[in-house]
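Enquirer: mind folding the following:
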Amino acid sequence: MSVYCKYFLTTSPLKSLKIIHSLGCSVRRRFYYNDRPYVSFGGVWDINLQKVFCKDMQVIFDFLSEKDEKSLVEEAEKLLKRLRYEYDHWDNAIHGYRETEHLHWNEYNMGILKRVQKTAFHSETQDMKLVHILDLAENGFIKPHVDSIKFCGNTIAGLSLLSDSVMRLCHTVEKDKVVDVLLKQRSLYIMKGIARYEYTHEILGSNVPNLMNYTVHKSRRVSVICRSMPEMDFHQR
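Expert: Next up is the predicted model:
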């Protein structure tokens, strides 16, 4: 059985998902933005688990203006231009990438990052000051992985620049539970809770038909990623 549910995705940072219409309990549901599916659940899901997942994996479209995106890319380019694209990674998680970390952003971009922090992190959550910049080539992709608790805490927030892409999440135990999430250019995703700890996540390669056969073409993609500090109890062990 397939049940289709329409959601409205707001550009307001304080309201990420609002249910407009739903029908019963579903085996598979898809969420829509401007009549395009942006989240697709595969496998057998309890409807309550879907709701928890949507709370812990949020996407805010049009979080950035074109001016914001241009400003972030320009500053990132200055840091990335001397780096070569790499096709192996220390933990074999990324293919076709350049990456760096940045602390001292210009005033305009610091204002953008403060908006990210206000939107994604609770007041009691301490976010890491170093911001991760990850540049994926057009033929690049990120393999399934769960971010190590050694390096970040409960919340990961990422800005998607230059290209649309699809993030796929797969339950670490129940492998049939798969979720495809459309990350639109200039969107912000916020991953926490069960989405952060209980599911691997990956960025699919270019021209992958998914989300009801709607092909998302991923070209070069730059992401600006903020993370919360690792949990204190981990360091105290």
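
Enquirer: drop to CA atoms for contacts and neighbour counts, all remaining ones
Expert: Fine.

Enquirer: what's the burial count for residue 149?
Expert: When neighbours are counted by other CA atoms under 10 Å, residue 149 registers 14.

Enquirer: what about it, which SS state?
Expert: Secondary structure for residue 149, judged by DSSP: H, G, I helix; E, B strand; the rest coil, is coil.

Enquirer: just checking, it touches residue 228?
Expert: No: with contact defined as CA atoms under 8 Å, residue 149 does not count as touching residue 228 (10.4 Å).

Enquirer: so where's this structure uncertain?
Expert: Regions of the chain meeting the criterion pLDDT under 70 cover residues 1-37, 89-91, 123-125, 207-214, 232-237.

Enquirer: middle-most residue in this structure, spatially?
Expert: In the chain, the centroid-proximal residue (CA atoms, centre = their mean) is residue 189; its distance is 4.1 Å.

Enquirer: look up how far residue 173 lies from that residue.
Expert: Going from residue 189 to residue 173 by CA to CA, to the nearest Å gives 24 Å.

Enquirer: buried residues in the strand of greatest length in the chain?
Expert: The strand that spans the most residues within the chain, counting by DSSP state E, is strand 131-145. In terms of neighbour count (16 or more other CA atoms under 10 Å), strand 131-145 has its buried residues at 131-138, 140-145.

Enquirer: what do you get for stretch 160-176?
Expert: Using 16+ other CA under 10 Å as the test for burial, stretch 160-176 gives 160-172.

Enquirer: give me the angle between the host helix or strand of residue 98 and strand 131-145.
Expert: Here residue 98 sits within strand 94-102, counting by DSSP states H and E. Interaxial angle of strand 94-102 relative to strand 131-145 (axes from the mean of the first three to the mean of the last three CA atoms, to 10 degrees): 150 degrees.

Enquirer: next helix or strand past strand 94-102?
Expert: Next along from strand 94-102, by DSSP H and E: helix 107-120.

Enquirer: okay, now residue 146: neighbour count?
Expert: Residue 146 is flanked by 17 other residues according to other CA under 10 Å.

Enquirer: which residues sit in contact with it?
Expert: 196-197, 199-201 (CA atoms under 8 Å, 6 or more residues apart in numbering).

Enquirer: now, these that are in strands?
Expert: Members of the contacts of residue 146 lying in strands (criterion: DSSP E): 199-201.

Enquirer: all helices of this protein, in order?
Expert: Assigned by DSSP state H, the helices in the chain fall at 47-56, 66-80, 107-120, 193-197, 232-235.

Enquirer: re the thing from before, closest to residue 71 out of the ones in strands among the contacts of residue 146?
Expert: The closest of the ones in strands among the contacts of residue 146 to residue 71 turns out to be residue 201 (CA to CA; 27.6 Å).

Enquirer: leaving out the residues flanking it, which one is nearest to that closest one?
Expert: Distance criterion CA to CA, 6 or more residues apart in numbering; nearest residue to residue 201, sequence neighbours excluded, is residue 169 at 4.4 Å.

Enquirer: isn't residue 179 up against residue 42?
Expert: Yes: the criterion here is CA under 8 Å, and residue 179 meets it with residue 42 at 6.0 Å.
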